[in-house]
Structure formats: structure tokens, C-alpha cells
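**Student:** Predicted model, plus sequence, below.
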Amino acid sequence: MGKHREASSLKPSSFYILLALAGGPRHGFGILRDVEEQTNGSVRLWPVTLYGSLEKLVVSGLIEELGPRARPPGESEKRRYYQLTRQGRAVLHDESGRLQALARLAQTRLRKVT
């Protein structure tokens with residue numbers, strides 16, 4: 001996985017947050033909604049989980065909070081917007097590749113059994 005953070009160390013909640021932000025900057029509630037839509041409601045991030053994960057992702061350099069000037073026009077100053085960093089996009093790419101390889105392995109092994 002090269003120079004990037006070891007993708008397999010991503011928690012599922014962090015993966016879903018990065019995936020939501022791959023579609024563009026979002027505020028916390030927007031991330032919650034996006035994750036629910038991505039998973040057809042099977043994954044729900046509770047606010048404590050979401051905001052704790054956001055803080056860790058910022059500290060690790062995978063996402064960044066947008067400043068007031070970078071927020072969409074007309075949005076409340078209270079809403080905090082986040083976006084992927086270059087490193088965050090690379091980690092998401094690596095993790096999605098790891099998951100694809102794992103799914104291929106599972107399919108191969110299941111075909112051998114049947």
C-alpha cells in the first residue's frame with residue numbers, strides 16, 4: 001500500500017465517512033445522511049461516533065475542515081464542513097482496492113466449495 005497509511009487499519013465508520021466525502025465537501029449531518037443512503041439504511045453513524053471519527057480523521061490528515069470562506073454561500077457558520085485531503089483520497093483508494101481483492105478471494109473460494 002505504498003506511502004499511505006495502512007488502509008486495513010481503517011475502521012468501518014472511517015471508511016464510510018471517507019466514502020461520503022469522496023462525493024465532495026459535506027457537513028456532519030450531510031455525512032450521516034450520505035452513509036445511510038450508501039448502505040440502504042443498514043449503517044447508521046450516531047453523532048458521538050461521527051464526530052469522534054471526524055476528529056481522528058482530521059488529526060490523521062485524511063480529511064480537513066473547511067474554513068468559513070470555503071463553505072457554500074448562505075450556509076450557517078455553525079455548520080462545520082469537511083473534505084478529503086490528497087492523503088485521504090489515496091487511503092480510500094487503497095482500502096477500496098483491498099476490499100475488492102478480499103471480495104474476489106471470497107467468491108473464488110465459494111465457487112470451489114459448490
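**Tutor:** Sure, I can see it.

**Student:** Tell me which other helices or strands the longest helix anywhere in the chain touches.
**Tutor:** Assignment by DSSP state H gives helix 86-113 as the longest helix of the chain. Packing partners of helix 86-113 (3 or more C-beta pairs under 8 Å, 6 or more residues apart in numbering; DSSP states H and E): helix 12-21. C-beta: built from backbone N, CA, C; applies to glycine.

**Student:** which sections of the chain are below the confidence cut-off?
**Tutor:** 1-9, 69-77, 114 (pLDDT under 70).

**Student:** contacting residues for the residue nearest the centre of it?
**Tutor:** Among the residues of the chain, L18 comes closest to the average C-alpha position under C-alpha atoms, centre = their mean, at 1.7 Å. By C-beta atoms under 8 Å, 6 or more residues apart in numbering, L18 lies in contact with 10, 57, 62-63, 84, 88, 91-92, 95.

**Student:** For P25, see how far away it is.
**Tutor:** 13 Å (C-beta to C-beta, to the nearest Å).

**Student:** Pick out the most distant pair among the contacts of L18.
**Tutor:** Farthest apart among the contacts of L18 by C-beta to C-beta are I63 and E95. That separation is 14.0 Å.

**Student:** And those two? Which one has more around it.
**Tutor:** I63 (26 against 22; other C-beta atoms under 10 Å).

**Student:** now the more buried one, nearest residue through space, not along the chain?
**Tutor:** Leaving aside its sequence neighbours, I63 sits nearest to L57 (C-beta to C-beta, 6 or more residues apart in numbering; 4.5 Å).
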